[in-house]
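1. A predicted structure for the sequence below; I have some questions about it.
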Amino acid sequence: MDKYPSREEIGKILKSSKVIAVVGLSSDPSKTSFMVSEAMQKAGYKIVPVNPTVDTVLGEKSYASLLEIPFKVDIVNVFRRPEHLLPVAEEFIKIDCDVFFAQLGIENDEAYDLLKQHGKTVIMNRCIKVEHALTK
C-alpha cells in the first residue's frame, strides 16, 4: 500500500484548494518550479512564492519563509532537494496548512515522519501539475 494519498484523494485536495505556497519558486522561466507554478496559476490557483532571493515571481510578492506569509495557504508545494525537506517540514508544522506536497523526485523519510506525527497530509515524489491534469 502506498503511504501517500491516492490520485483520487489528491484530486479532491486540488479541487478544494485555492492557494498554493511554493517553496523554492525560481524567477527563472526555464526552471521547472516556474513552469509548474505558472501552469497552476493559469489553472486558477493563487501562487505564493517562498524564496528569500527574489521580490516577486509570476506577479506575486515573494516571502522569505512560510512563517512570513500573513494569510492561510491550502497547499505548500516544495521545490527543494531532499536534504532540505526536513527544515521546510519543521517550518510547515508551525503554519495553518494541512497539505505538504514535494515535487517529483523529492522524498525524505524524516520529513514524512515528522509531518505525519503532526497529522498532516503528505504527498511526495509527485508533480502537482501532472496530478492536476490527471484529476480534472
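-> It's in. Because the structure is predicted, anything quoted here is derived from the model rather than measured.
2. Poorly predicted segments of this structure, please.
-> 1, 136 (pLDDT under 70).
3. tell me which element residue 9 is part of?
-> helix 7-16 (DSSP states H and E).
4. Check which element follows that helix along the chain.
-> Assignment by DSSP H and E places the next element after helix 7-16 at strand 19-23.
5. can you pull up the bridge partners for the residue most central in space within the chain?
-> The centre of the chain sits closest to residue 77, judged by CA atoms, centre = their mean, with a distance of 0.7 Å. Per DSSP bridges, the residues bridged to residue 77 are residue 22, residue 101.
6. was I right about residue 107 contacting residue 82?
-> Yes. With contact defined as CB atoms under 8 Å, residue 107 counts as touching residue 82 (6.1 Å). (C-beta placed from N, C-alpha, C; glycine too.)
7. And the closest residue in space to residue 65 that isn't next to it in sequence, how close does it get to residue 115?
-> Leaving aside its sequence neighbours, residue 65 sits nearest to residue 91 (CB to CB, 6 or more residues apart in numbering; 6.1 Å). Here residue 91 is placed at a distance of 11 Å from residue 115 (CB to CB, to the nearest Å).
8. okay, these two: which has more neighbours?
-> residue 115 (25 against 15; other CB atoms under 10 Å).
9. Identify the residues contacting residue 74.
-> Residue 74 is in contact with 16, 17, 18, 19, 20, 97, 98, 99, counting by CB atoms under 8 Å, 6 or more residues apart in numbering.
10. OK, contacts around the fourth one?
-> For residue 19, the set of contacting residues under the criterion of CB under 8 Å, 6+ apart consists of 45, 46, 48, 71, 72, 73, 74, 75.
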